[in-house]
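1. structural data only, the sequence is not supplied:
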């Protein structure tokens, strides 16, 4: 009887979580379609306080609530990027990409095992562990899933799609990692990861997605590989810096560790702002993408002006009728 009550409670909490996420993200996305998204200092402070104090204040140790906290950030962040997309992707396709994103965890573990067999040392120092053992391998695994699955999809037909799918791959990875870490810890770990770790992966996905959009839809085909590499390196730097601050502070037993905790919180806030800035830029470029598809450039526009103003162009469709159509954008290179 007690198990049945707990099961009903869990189903109710999950349903409430989905409804809340839909309502919040729908309202939020409707507002940010017309206005630029800016990081809220008040909201960030509340989330930080929840991360450090939430578990102690609530004093809830029920496994069902822990499961709820594992799912909550994934649903909220996934809903945010999904409903922010003006031309929303097929929901089944998004779920498929999310599920494949979870496969990046065993892929990461496999790469770790292969490197271990070679005898390479990636964990002897906090720097190596943060940037090479964690950031480089994890972001590379996510990129592999993106290039293997998303790059060839017919639904990947506009710049903003790159950010959407990259974020869902990152959330798939974060979801599995969340389960593994919380299983070894307690509810306090779930609170901390809900505020910092899961959004951290999400922001890394936004950064990589921005440059993957430029790689796929950029006017210069010679820049496709460089933009993919830049996207990977940018995500590694953001991820590695995040991990390095935490790993290095954990090796200290003096007051300087508290200073590094403050540095970490400031960095996380800056990462939030930087990622949202990229989202704003890509949203503008996405709108221009569609505008230029339906509004051909005037014949009076000079060839030199047209060349300077092009930012994105669809890849591949010409005589072979592949994906994308030629278009031009009045935005400048970021």
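-> Sure thing, it's come through. Just so you know, these numbers come straight off a predicted model, no measurement behind them. Numbering: from 1, shown residues only.
2. which helices and strands sit right next to the strand or helix carrying residue 289?
-> Assigned by DSSP states H and E, residue 289 falls within helix 256-294. When contacts are defined as 3 or more Cβ pairs under 8 Å, 6 or more residues apart in numbering; DSSP states H and E, helix 256-294 packs onto helix 41-58, helix 159-184, helix 198-217, helix 224-250. C-beta: built from backbone N, CA, C; applies to glycine.
3. take these and lay them out in TSV including distance to residue 291, mean pLDDT and mean neighbour count.
-> Below are the helices and strands packed on helix 256-294 laid out as TSV (distance: least, Cβ to Cβ, whole Å; pLDDT from 0 to 100; neighbours: other Cβ atoms under 10 Å):
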stretch	distance to residue 291	mean pLDDT	mean neighbour count
helix 41-58	32	81	14
helix 159-184	13	95	24
helix 198-217	14	96	27
helix 224-250	22	96	19
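4. which one of the ones you listed lies nearest to residue 276?
-> Minimum separation from residue 276 across the helices and strands packed on helix 256-294 (Cβ to Cβ) falls at helix 198-217, 7.9 Å.
5. looking at the helices and strands packed on helix 256-294, spot the one closest to residue 124.
-> helix 224-250 (12.0 Å).
6. ok, back up a step: who wins for proximity to residue 99 among the helices and strands packed on helix 256-294?
-> helix 159-184 (6.4 Å).
7. how far does that closest one sit from its chain's centre?
-> Relative to the centre of its chain, helix 159-184 is centred 7 Å away, using Cα atoms, centre = their mean, to the nearest Å.
8. do the same with stretch 134-152
-> 12 Å.
9. please apply the same query to stretch 108-118.
-> Remark: stretch 108-118 is offset 24 Å from the chain centroid, using Cα atoms, centre = their mean.
10. show me what counts as buried in it.
-> Going by neighbour count (16 or more other Cβ atoms under 10 Å), the buried part of stretch 108-118 is 108, 111-112.
11. got a markdown table for those residues, with pLDDT, secondary structure and distance to residue 288 too?
-> Below are the buried residues of stretch 108-118 laid out as a markdown table (pLDDT from 0 to 100; DSSP: H, G, I helix; E, B strand; the rest coil; distance: Cβ to Cβ, whole Å):
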| residue | pLDDT | secondary structure | distance to residue 288 |
| --- | --- | --- | --- |
| 108 | 96 | helix | 36 |
| 111 | 96 | helix | 38 |
| 112 | 94 | helix | 42 |
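12. okay then, goodbye and thanks.
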